[in-house]
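J.: this is a predicted model, with the sequence first.
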Amino acid sequence: VGIGHDITVRKQIEEELKKSRDEFLQYINQIMTFAGKLTVTGKLVMANKAAIDAAGLPYDRVVGKHFADTYWFSYDREIQRRIRENIKRAVLGETVIWTEKARSKDGFIITKVILRPVFDKNGEVEYIIAEGQDITEIKKAEEEIKRSHDLINSISSFTGILDEKGKVTFINNMTKNYLGFDLDEVIGKKFWECGWFIPSSDVVKDVKCLVEEALKGKMKRIETIGFTKSGKSFSVYLSATPMFDNNSKIIGVALEGADISELKESEEKYRTLFESSVEAVFLLTDVFTDCNRQACILFGCEKEDIIGHSPIEFSPDFQPDGKSSKEKGEKYIKEALKGKPQFFFWENRRKDGSLVYAEISMKSISIGGRRQILGVARDVTERVKMKEALKKRSTDEFRAKLSKASKKKWATPGFKERVVAGLREYWADPDHKEQHRKRMRKAMTDEVKAHISEGVRRRWEDPEQRRLAAERQRAWLQTPEGKAQHERESREHSERMK
């Protein structure tokens, strides 16, 4: 007698279970997360494809070992000890999560390890699911962010980041410590509404405008006044730079500020010294860039008449030595910019056309990374006039004495005839005439000619000199010698004209 059992339903159940198991294994093998199954003793009895591929070993050389002894962790005993301790915690029912450095076929990776206990129907741990997430790139990004934050926190200027609404999302240690505000007092607030600025003031308007311009994509800088929590004010130079994402969309503003209180104080001190100097002080490139009040007095004009103009504009065409003011001035400026200090005498022309004399010293300095000339001009006009007066007085006294002696000499009987006879004999010799011409040609260099021309020009520009010359000419023509010379020159001129 045969007894048959219908196992159709059981077969269907088994097939459904097998199908579900295959689908689960297929899913496990498709995910990029490392996954495996551990016994309560820590033995690895199953691992997905991502975990096996990371080890670069055959499946049977990985599965079957204690999780701590697998290829990923066997290189370090301290790591192995830590894994064994965490498995014990998981067996007790705790989900354990920590970060570990795992070995792979391509090197080492930072892995977030998770041990999750799975319980049976009696509440006992039946096995453990081990997961590993490769967070190497995340860790690198975190370290890069940390380094960036450390760098920002190490700099000595105020630094902050605002979101697209102008609200503060980050400030560095310098900002927090120097200004004395806690993070919860500023984070999340609009930058211009923080306690760093006086409410309803022009400063707030300027700062708000600064941020709004940056949120429109424009980089902007301003100089303004800030306040610490204790109420101390300080001068600050603020710059706002827009921040963009990969799609060129503005996502916020980077702020940087520098306390320029000491700089402003130094600037005021130097400006005071600059303006209170008894000498004319100026800054110069090829044109004046700044000057003090004494320079305005020296040139006889206002500051706006000087700034942006060349020093040559305040000089006559020629200097007293007959050289071109333009050529000499450009040479002095060029040498000074090369780092060679210059000291020289200079004749200046004021706005009203009058002449003033100065001793000028020039030295190259660097201002904001730009080479400029610091010049000092000392007015020596009175000294020059006094020197010329003394010289004229000495000359007049000498001429008076010489004239007295000469008159006495010329009054001696026969002296005049002897002198005239000697001169006629000297100039009658052709060799003497030729030698004299050669000496004159040799002596008449361009510089001497220019000097003589300038002297003649200056003399004839002086009405007094012209009057004296005319009187001397008339007096000479009244003498027999003068009349004879005039008649002789007239005859020679008539012959040349014929």
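T.: That came through, no problem.
J.: all strands for the stretch 51-200 of the chain, in order.
T.: Using DSSP state E, counting those that start in this stretch, the strands of the stretch 51-200 of the chain run over 96-104, 107-119, 125-134, 158-163, 168-171.
J.: now swap in the stretch 251-400 of the chain and tell me
T.: 280-284, 288-291, 342-349, 355-367, 370-379.
J.: what would these look like in JSON lines with mean neighbour count?
T.: Where C-beta positions appear, they are placed from N, C-alpha and C, glycine not excepted. Output for those, formatted as JSON lines (neighbours: other CB atoms under 10 Å):
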{"stretch": "strand 280-284", "mean neighbour count": "21"}
{"stretch": "strand 288-291", "mean neighbour count": "20"}
{"stretch": "strand 342-349", "mean neighbour count": "16"}
{"stretch": "strand 355-367", "mean neighbour count": "16"}
{"stretch": "strand 370-379", "mean neighbour count": "18"}
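J.: okay if I get those strands as JSON lines plus mean pLDDT?
T.: Formatted as JSON lines, those follow (pLDDT from 0 to 100):
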{"stretch": "strand 280-284", "mean pLDDT": "91"}
{"stretch": "strand 288-291", "mean pLDDT": "91"}
{"stretch": "strand 342-349", "mean pLDDT": "93"}
{"stretch": "strand 355-367", "mean pLDDT": "90"}
{"stretch": "strand 370-379", "mean pLDDT": "90"}
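J.: of the strands of the stretch 51-200 of the chain, which is nearest Glu268?
T.: With respect to Glu268, and counting by CB to CB, the nearest of the strands of the stretch 51-200 of the chain is strand 158-163 at 22.3 Å.
J.: mind giving me the packing neighbours of that closest one?
T.: Helices and strands touching strand 158-163, by 3 or more CB pairs under 8 Å, 6 or more residues apart in numbering; DSSP states H and E, are strand 168-171, helix 173-179, strand 250-259.
J.: related to what we said a few turns ago, for the strands of the stretch 251-400 of the chain, give me JSON lines that also has distance to Gly329.
T.: Formatted as JSON lines, the strands of the stretch 251-400 of the chain follow (distance: least, CB to CB, whole Å):
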{"stretch": "strand 280-284", "distance to Gly329": "10"}
{"stretch": "strand 288-291", "distance to Gly329": "12"}
{"stretch": "strand 342-349", "distance to Gly329": "8"}
{"stretch": "strand 355-367", "distance to Gly329": "10"}
{"stretch": "strand 370-379", "distance to Gly329": "12"}
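J.: which of the ones you listed sits closest to Trp196?
T.: That would be strand 355-367 among the strands of the stretch 251-400 of the chain, by CB to CB, at 30.2 Å.
J.: re earlier: confidence-wise, which of the helices and strands packed on strand 158-163 is weakest overall?
T.: Lowest mean pLDDT within the helices and strands packed on strand 158-163: helix 173-179, at a mean of 84.
J.: which residues of the stretch 151-300 of the chain fall in helices?
T.: For the stretch 151-300 of the chain, applying DSSP state H, counting those that start in this stretch gives helices covering 173-179, 183-186, 202-215, 261-276, 293-299.
J.: can you add mean neighbour count and distance to Lys363 and give those helices back as CSV?
T.: What follows is the helices of the stretch 151-300 of the chain, written out as CSV (neighbours: other CB atoms under 10 Å; distance: least, CB to CB, whole Å):
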stretch, mean neighbour count, distance to Lys363
helix 173-179, 17, 37
helix 183-186, 14, 47
helix 202-215, 18, 38
helix 261-276, 12, 15
helix 293-299, 20, 16
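J.: wait, which of those helices is closest to Ala240?
T.: If you check each of those against Ala240 by CB to CB, helix 202-215 wins as the nearest, at 3.8 Å.
J.: the closest one - contacts with which helices or strands?
T.: Contacts defined by 3+ CB pairs under 8 Å, 6+ apart place helix 202-215 against strand 220-227, strand 233-244, strand 250-259.
J.: ok, back up a step: out of the helices and strands packed on strand 158-163, which is closest to Ser490?
T.: Using CB to CB, the helices and strands packed on strand 158-163 put strand 250-259 closest to Ser490, at 85.0 Å.
J.: and that closest one, how far out from the chain's middle?
T.: Its chain's average C-alpha position is 19 Å from that of strand 250-259, according to CA atoms, centre = their mean, to the nearest Å.
J.: for it, C-alpha coordinates in CSV please.
T.: Backbone C-alpha positions of strand 250-259 (Å, rounded to 0.1, in the frame of the first residue of the first chain) are rendered in CSV as follows:
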residue,chain,number,x,y,z
ILE,A,250,26.1,83.7,-5.9
ILE,A,251,25.8,81.8,-2.7
GLY,A,252,27.2,84.2,-0.2
VAL,A,253,29.8,86.8,0.7
ALA,A,254,33.4,86.5,2.0
LEU,A,255,34.3,89.3,4.4
GLU,A,256,37.7,90.5,5.5
GLY,A,257,38.5,93.4,7.7
ALA,A,258,41.7,94.9,9.0
ASP,A,259,42.1,97.1,12.1
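J.: name the residues that touch that strand?
T.: Residues from elsewhere that reach strand 250-259 (CB atoms under 8 Å, 6 or more residues apart in numbering): 157-164, 166, 169, 175, 178, 191, 211, 214-217, 226, 234-245.
J.: could I get the helices and strands packed on strand 158-163 as JSON lines with distance to Tyr357?
T.: JSON lines is the format used below for these (distance: least, CB to CB, whole Å):
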{"stretch": "strand 168-171", "distance to Tyr357": "60"}
{"stretch": "helix 173-179", "distance to Tyr357": "54"}
{"stretch": "strand 250-259", "distance to Tyr357": "45"}
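J.: identify whichever of these lies nearest to Ala280.
T.: Ala280 lies closest, by CB to CB, to one member of the helices and strands packed on strand 158-163: strand 250-259, at 33.5 Å.
J.: got the angle for the closest one vs strand 220-227?
T.: With axes from the mean of the first three to the mean of the last three CA atoms, to 10 degrees applied, the angle from strand 250-259 to strand 220-227 works out at 60 degrees.
J.: adjacent strands (with direction) for strand 250-259?
T.: In the sheet, strand 250-259 lines up against strand 158-163 (antiparallel), strand 233-244 (antiparallel) (DSSP bridges).
J.: quick one, which of those is packed in tightest?
T.: Among these, strand 158-163 has the highest mean neighbour count (mean count of other CB atoms under 10 Å), at a mean of 20.
J.: so how far is it from its chain's centroid?
T.: When distances are taken as CA atoms, centre = their mean, strand 158-163 is centred 23 Å away from the chain's centroid.
J.: who's in contact with it?
T.: Identification of contacts with strand 158-163 by CB under 8 Å, 6+ apart yields 152, 168-172, 174-175, 178-179, 191, 211, 236, 243, 251-259.
J.: likewise stretch 343-352?
T.: Identification of contacts with stretch 343-352 by CB under 8 Å, 6+ apart yields 298-301, 305, 314-316, 319-320, 325, 332, 355-362, 377, 380.
J.: now with 7 Å?
T.: Residues outside stretch 343-352 that contact it (CB atoms under 7 Å, 6 or more residues apart in numbering): 298-301, 305, 314-316, 319-320, 332, 355-361.
J.: pLDDT score for Gly160?
T.: Model confidence at Gly160, expressed as pLDDT, equals 87.
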